[in-house]
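# Got a predicted model here, sequence first, then my questions.
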Amino acid sequence: MSGFEIRRKDDGCVSTLYIKGFLDAHTAPQLERSLQELVNEGRFRIVVNFSELSYISSAGLGVFMGFIETVRKNQGDIKLSNMPPKIYRVFDLLGFPLIYEIYEDERQAQEKFAGSGTSSVEDGR
Amino acid sequence: MSGFEIRRKDDGCVSTLYIKGFLDAHTAPQLERSLQELVNEGRFRIVVNFSELSYISSAGLGVFMGFIETVRKNQGDIKLSNMPPKIYRVFDLLGFPLIYEIYEDERQAQEKFAGSGTSSVEDGR
Amino acid sequence: MEQENTYRLRIPSRTENLEIIREFVSKIARNAGFSEEDVGKIQLAVDEACTNVVKHAYDGDTQKPIDVAVRLDYDRLTIVVTDEGKGFDPKAVEISDIAEYLAELRVGGLGIYLIRSLMDEVEYSIQPGVRNQVRMVKYFGGSPERPPLSPRSRRAQK
Amino acid sequence: MEQENTYRLRIPSRTENLEIIREFVSKIARNAGFSEEDVGKIQLAVDEACTNVVKHAYDGDTQKPIDVAVRLDYDRLTIVVTDEGKGFDPKAVEISDIAEYLAELRVGGLGIYLIRSLMDEVEYSIQPGVRNQVRMVKYFGGSPERPPLSPRSRRAQK
Ligand SMILES: Nc1ncnc2c1ncn2[C@@H]1O[C@H](COP(=O)(O)OP(=O)(O)O)[C@@H](O)[C@H]1O
Ligand SMILES: Nc1ncnc2c1ncn2[C@@H]1O[C@H](COP(=O)(O)OP(=O)(O)O)[C@@H](O)[C@H]1O
């Protein structure tokens, strides 16, 4: 299987998910679990780095829709970054740029949180 | 398409074919053309380097069978080298090691020709 | 669809098979000469249609079939996805305004909208329990009658 | 073959479609848990059977179908390749001694021998013009009754 993988990195109060491979109805539950974990731990400042994602279908897009309300209610956000053009086109087709902040680089997304947050990012990069 | 590619390198009287990708009934005619060219040019000392070959079916094996008589009648040979284990297993299953000399490295195959030949290999490596 | 230039796949309705379907369709579309961008659109549209079969047609019965037929004509690629499940009313699930729809942060309901956005022609034919079909067409070189619009411009047109 | 756990592919008999068939079969075998080595054997056996359909069944008519059905059971994978072409006599084309055969430097004739070497069970059923089938079985974890032999030892056994 071409498969799907998620790595997570916590930097102070910001968590970044690195998603890789094929995100479809078969693999979407993996992303759901990762986001659920973050929410359970009270980590609502989430960046998702798409640089290694090869494919996304609406089942994958739906996962973000499923968490955005909860996350925002808790003064957090899901910010997206490093989207390959192919992936961006799908987001754009559905008007997702109206709902989600999409950044070229994960650093920009992470810094947005640092700027707006009450607690500061600990990692000094 | 995953495709199939052939590169050719002439070193004195020895020609080496580098075959890459998927060699099946669809792509075998390409290999046939390359071998036919060599035969037409009177170049009968042939090494085939398999290092980048991902797949071979009997249609590919058949191409070598199709030229071996002509080539040997003309004091030449088709020697094979650098076979990935997966490819070697197919050759072995059919008993091809009884018919063809198979070398670990193309240099060994090329040198065999140099040793037995009337004209020497010009490239001084 | 007759046999001529038709490719058929019939497999159990499971999400793990979506990848097989995507590769099947992509390979045919690529060999037929579609650009990588169009291949991507076609495979996504077919994935969406088949995901819907898995999720909605059979109430989770993974033994039931998804049928994918791909036909190549000189000017177009036609894909028909068929299930024998419970069916639905395509009109009832249409999204008229995607921006409004998204603003409500609703989950799901995007698949059929995506299919319509990605393909040149989309047509449903529903016979519950017998044969529910979505027929999707992609023209070589794009459809002249339907230039691509972004969600924003589509919205502005109303 | 019934539908349960059965995967079907029906495509025009052209060499350019062999790749689609290989990927279809490989993916199913891999998902079912076969080792990469077994996946390789299965895809090669199926390629050989389908190559024969393209080359021999229809006298070059590329509109005619190749049918590939893959069925998963708890202990085995079964693949049936079907054509509706002219048929042949499998007994007449059997190679009894591969080393002798090769020594004659004959071209071709290796496909059916390969299929038999790669799979645990192989069975032909021929009805010319109606339905010619090769049925191939691979067991999970190898077939106990038929240990693998190299061509040399197979010869020595005689
Ligand atoms: N093949 C199908 N069988 C039964 N119902 C379907 C089928 N395809 C779509 N539907 C119905 O149409 C609705 C909208 O589908 P879609 O736009 O893909 O969004 P989602 O699947 O996320 O709900 C589904 O919720 C379902 O009720
Ligand atoms: N599906 C088929 N339809 C008709 N004839 C076939 C078929 N498969 C095999 N044959 C016959 O069996 C012979 C041996 O096949 P094979 O061992 O694959 O070698 P090759 O295809 O190189 O001749 C073929 O030459 C052909 O006459």
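That came in fine, so what should we check first? Residues are numbered from 1 along each chain as shown, chains lettered A, B, ... in the order given. Ligands and ions are numbered 1, 2, ... in the order given.
# Where does the residue minimising distance to the centre of chain A sit, in terms of helix or strand?
What sits nearest the mean C-alpha location of chain A, by C-alpha atoms, centre = their mean, is A:Val48, with 2.5 Å. Element membership for A:Val48, per DSSP states H and E: strand A:45-56.
# Tell me how many other residues crowd the closest residue to chain B within chain C.
Of all residues in chain C, C:Asn31 sits closest to chain B, at 6.4 Å by C-beta to the nearest C-beta. Backbone N, C-alpha and C define where each C-beta goes, glycine included. Here the number of neighbours of C:Asn31 (other C-beta atoms under 10 Å in any protein chain shown) works out to 16.
# Not counting sequence-adjacent ones, nearest residue to C:Gln127?
C:Gly87 (6.9 Å; C-beta to C-beta, 6 or more residues apart in numbering or on different chains).
# Can you classify the one you found as helix, strand or coil?
coil (DSSP: H, G, I helix; E, B strand; the rest coil).
# For it, give me its contacts.
By C-beta atoms under 8 Å, 6 or more residues apart in numbering or on different chains, C:Gly87 lies in contact with C:Ala57, C:Ile126, C:Gln127, C:Pro128, C:Gly129, C:Asn132.
# What's the ChimeraX line that selects buried ones from those residues?
A single ChimeraX command selects the buried members of the contacts of C:Gly87 (16 or more other C-beta atoms under 10 Å in any protein chain shown):
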select /C:57,132
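# Adding secondary structure and pLDDT, write the contacts of C:Gly87 out as JSON lines.
As requested, the contacts of C:Gly87 are arranged in JSON lines below (DSSP: H, G, I helix; E, B strand; the rest coil; pLDDT from 0 to 100):
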{"residue": "C:Ala57", "secondary structure": "helix", "pLDDT": "97"}
{"residue": "C:Ile126", "secondary structure": "coil", "pLDDT": "97"}
{"residue": "C:Gln127", "secondary structure": "coil", "pLDDT": "96"}
{"residue": "C:Pro128", "secondary structure": "coil", "pLDDT": "96"}
{"residue": "C:Gly129", "secondary structure": "coil", "pLDDT": "94"}
{"residue": "C:Asn132", "secondary structure": "strand", "pLDDT": "97"}
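# Report the two of the contacts of C:Gly87 separated the most.
Distance extremes for these: the farthest pair is C:Ala57 and C:Gln127 at 12.3 Å, using C-beta to C-beta.
# C:Gly60: neighbour count?
10.
# How is it classified with respect to secondary structure?
coil.
# quick one: the nearest residue to A:Lys20 once chain neighbours are set aside from A:Phe22, how far?
Distance criterion C-beta to C-beta, 6+ apart; nearest residue to A:Lys20, sequence neighbours excluded, is A:Glu52 at 3.8 Å. According to C-beta to C-beta, to the nearest Å, A:Glu52 stands 11 Å off from A:Phe22.
# just the strands in chain A please.
A:4-11, A:14-23, A:45-56, A:77-81, A:102-103 (DSSP state E).
# hmm, who's touching the shortest one?
Surrounding strand A:102-103, the residues in contact under the criterion C-beta under 8 Å, 6+ apart are A:Lys79, A:Leu80, A:Ser81, A:Asn82, A:Met83, A:Tyr88, A:Phe91, A:Phe96, A:Ala109, A:Lys112.
# Relative to ligand 1, which of those residues is nearest.
Distances from ligand 1 to the contacts of strand A:102-103, taken as C-beta to the nearest ligand atom, are shortest for A:Phe96 (14.6 Å).
# Relative to ligand 2, how far out is the closest residue to C:His56 other than its chain neighbours?
Leaving aside its chain neighbours, C:His56 sits nearest to C:Phe88 (6.8 Å; criterion: C-beta to C-beta, 6+ apart). Counting by C-beta to the nearest ligand atom, to the nearest Å, the separation of C:Phe88 from ligand 2 is 42 Å.
# neighbours of C:Phe88, just the number please.
Around C:Phe88 there are 16 residues (other C-beta under 10 Å).
# Look up how far C:Gln127 lies from it.
12 Å.
# now do A:Met65
Distance from A:Met65 to C:Gln127, by C-beta to C-beta: 32 Å.
# which regions of chain C lie under the pLDDT threshold?
Residue ranges of chain C with pLDDT under 70: C:1-3, C:143-158.
# residue ranges of the strands in it, please?
C:6-12, C:65-72, C:76-83, C:121-125, C:132-139.
# Which one of these lies nearest to chain D?
That would be strand C:6-12 among the strands of chain C, by C-beta to the nearest C-beta, at 4.1 Å.
# and the closest one, does that touch chain A?
No - against chain A, strand C:6-12 shows no contacts by C-beta under 8 Å from any C-beta of the partner chain, the least distance being 13.0 Å.
# In the sheet, which strands lie alongside that strand, parallel or antiparallel?
strand C:65-72 (antiparallel), strand D:6-12 (antiparallel) (DSSP bridges).
# ok, so what distance separates the spatially closest residue to A:Tyr100 that is not a sequence neighbour from A:Leu61?
Take A:Tyr100 and drop its neighbours on the chain: the residue closest to it by C-beta to C-beta, 6+ apart is A:Leu80, 5.3 Å away. Distance, A:Leu80 to A:Leu61, using C-beta to C-beta: 11 Å.
# what is in contact with these two at once?
With C-beta under 8 Å, 6+ apart, A:Leu80 and A:Leu61 have common neighbours A:Phe91.
# ok, and what's touching stretch C:102-109?
A:58, A:62, A:65-66, A:68-69, A:94-96, A:98-99, C:93, C:95, C:101.
# Most neighbours out of these, which is it?
Most surrounded of these: other C-beta under 10 Å gives A:Ser58, at 26 neighbours.
# my read: it touches C:Ile112, true?
No - checked against C-beta atoms under 8 Å, the pair A:Ser58 and C:Ile112 is beyond contact range at 9.2 Å.
# Could you tell me which residues touch both of the two?
What both A:Ser58 and C:Ile112 touch, as defined by C-beta under 8 Å, 6+ apart, is the set C:Glu48.
# Do any residues in stretch C:131-142 lie close to chain A?
No - if you take C-beta under 8 Å from any C-beta as the test, stretch C:131-142 misses chain A, and the best it gets is 14.5 Å.
# What residues sit buried inside that stretch?
C:Asn132, C:Gln133, C:Val134, C:Arg135, C:Met136, C:Val137, C:Lys138, C:Tyr139, C:Phe140.
# longest helix anywhere in chain A?
helix A:58-73 (DSSP state H).
# could you check the angle strand A:45-56 makes with that one?
170 degrees (axes from the mean of the first three to the mean of the last three C-alpha atoms, to 10 degrees).
# Would you enumerate the residues in contact with residue 53?
Here I'm looking at chain A. A:Ile19, A:Lys20, A:Gly21, A:Leu23, A:Met83, A:Pro84, A:Ile87.
# that's the other chain; I wanted chain C
With C-beta under 8 Å, 6+ apart, C:Val53 has these contacts: C:Ser13, C:Ile66, C:Val81, C:Asp83, C:Gly85.
# From C:Met119, how far out is the nearest residue to it once chain neighbours are set aside?
Leaving aside its sequence neighbours, C:Val53 sits nearest to C:Asp83 (C-beta to C-beta, 6+ apart; 4.3 Å). From C:Asp83 across to C:Met119, the span is 18 Å (C-beta to C-beta).
# Looking at the two, which has the bigger crowd around it?
For C:Asp83 versus C:Met119, the count of surrounding residues by other C-beta under 10 Å is larger for C:Met119: 27 against 24.
# Give me the neighbour count for C:His14.
Quick fix: residue C:14 is Arg, not His. So C:Arg14, with other C-beta under 10 Å, has 17 neighbours.
# Show the contacting residues for it.
Contacts of C:Arg14 (C-beta under 8 Å, 6+ apart): C:Val54, C:Thr62.
# related to what we said a few turns ago, give me the distance from the longest helix of chain A to the chain's centre.
10 Å (C-alpha atoms, centre = their mean, to the nearest Å).
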